[in-house]
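> kindly return the folded structure for what I paste below:
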Amino acid sequence: MLNIKGVVPILQAPFTNEGALDYEDLYREVDTAISDGAGAVTLFGTGTEFFMLSDEEKRNMISVTLKAAKGRVPVIASVTRDSTYLAIKDAKLYKDLGIDALMNFPPHFQVPTPEQVRNHVIAIANSTDLPFIIQYAPGAGGAVMTPDDFRIIRESVKNELYIKVEPPMGAVQMIKSVHEMMGEDVQLLCGMGGSNLIGVFDAGGQGIMPGCAFVRPFTTVIDLLTSGKRDEAIRIYLKMASMIEYESPVAGSYNECEKRILVERGIFKTAHCRYPNNPPDKSYFETFHSLYEELKEMTDPGISY
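Residues are numbered from 1 along each chain as shown. Reported below is the predicted structural model:
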């Protein structure tokens, strides 16, 4: 078993100011995330701007990420096709390229029924023998599912199975309900930028999938929680909470916020996102930066900004 757990960040796609992928920055991003304590790294989430990437660029990013990871942690790739036929082709290709685990972003252009989502997930998961993560994100597409839907999938899938839960509301309750129903038959992760971290672990989750700009504060909180130092974990998490909350809700804000931190840390050269995008105004980022000031010392200990 891979036993994916802890902080499993979604990698950002680094672009030059002209919009080309910067593979040197990607290599540095992967290496830094692992040094910061990531339990695995993930490509082609929303934070990777998968909808802005060509198939060739995705293959190249997988190659660079695997080289940078050097086998230290699992590398996960998300399959994002709305077509089951094409999703299966991608899953097999990604396995051939050397990926350690797969994730599936649900069909999102036309809203499918729960039965269609189940059939889609089962077909992709069973197309390889790799560990498989179901991304349950009804706010971004797919369908509203129940714990019983996940039980049906578990009974039909042979692989090591995870669920990344990130409905717009009720993520912790969904994790709790699935955990109570299925126990160790499925492992539970949460997205949503790392919000609800304390509740996720209380409910039976074993990891979070935030962005990759400041992995170390997340790993610090999880380490404190798992070693029984709950009060200290909560104290540090409260320092993070305002920034996490501020970063996420505005359309166009999340990726550029993450990239601006990566630029400040010397990991990315630019915070460029491919056009068209819809970033907030300058004052939004000024407020975000002031919130990040609280985390700088934890993000890169010993470094003076």
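
> for residue 145, give me its contacts.
114, 117, 136, 138 (CB atoms under 8 Å, 6 or more residues apart in numbering). Every residue, glycine included, has its C-beta placed from N, CA and C.

> Serialize the residues you listed to TSV and add fields for pLDDT, distance to residue 229 and secondary structure.
Output for those, formatted as TSV (pLDDT from 0 to 100; distance: CB to CB, whole Å; DSSP: H, G, I helix; E, B strand; the rest coil):
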residue	pLDDT	distance to residue 229	secondary structure
114	93	40	helix
117	94	39	helix
136	94	31	strand
138	88	35	coil
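
> now the strands for the stretch 51-200 of the chain?
75-79, 101-104, 132-136, 161-165, 187-190 (DSSP state E, counting those that start in this stretch).

> what mean pLDDT does the first one have?
In this model, strand 75-79 has an average pLDDT of 98.

> the last one now?
Per-residue pLDDT over strand 187-190 has a mean of 97.

> residues contacting that strand, please?
In contact with strand 187-190 (CB under 8 Å, 6+ apart) are residues 3-5, 8, 133, 160-166, 171-172, 175, 178-179, 196-197, 200, 203-209.

> so, low pLDDT: which residues of this structure?
249-252, 304-305 (pLDDT under 70).

> could you dump stretch 294-305 to CSV, C-alpha only?
Extracted in CSV, the C-alpha atoms of stretch 294-305 (Å, rounded to 0.1, in the frame of the first residue of the first chain):
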residue,chain,number,x,y,z
GLU,A,294,2.0,35.6,10.0
LEU,A,295,3.2,32.4,8.4
LYS,A,296,6.5,33.4,6.9
GLU,A,297,8.7,32.2,9.7
MET,A,298,7.0,28.8,9.7
THR,A,299,7.1,28.5,5.9
ASP,A,300,10.8,28.8,5.6
PRO,A,301,12.4,28.7,9.1
GLY,A,302,15.6,30.8,9.4
ILE,A,303,15.1,32.7,6.1
SER,A,304,14.7,36.5,6.3
TYR,A,305,12.3,37.9,3.7
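
> chain center to stretch 233-247: distance?
18 Å (CA atoms, centre = their mean, to the nearest Å).

> by neighbours, which of the contacts of residue 145 wins?
residue 136 (26 neighbours; other CB atoms under 10 Å).

> quick check: nearest residue in space to that residue, chain neighbours excluded?
Nearest non-adjacent residue to residue 136, counting by CB to CB, 6 or more residues apart in numbering: residue 165, 5.2 Å away.
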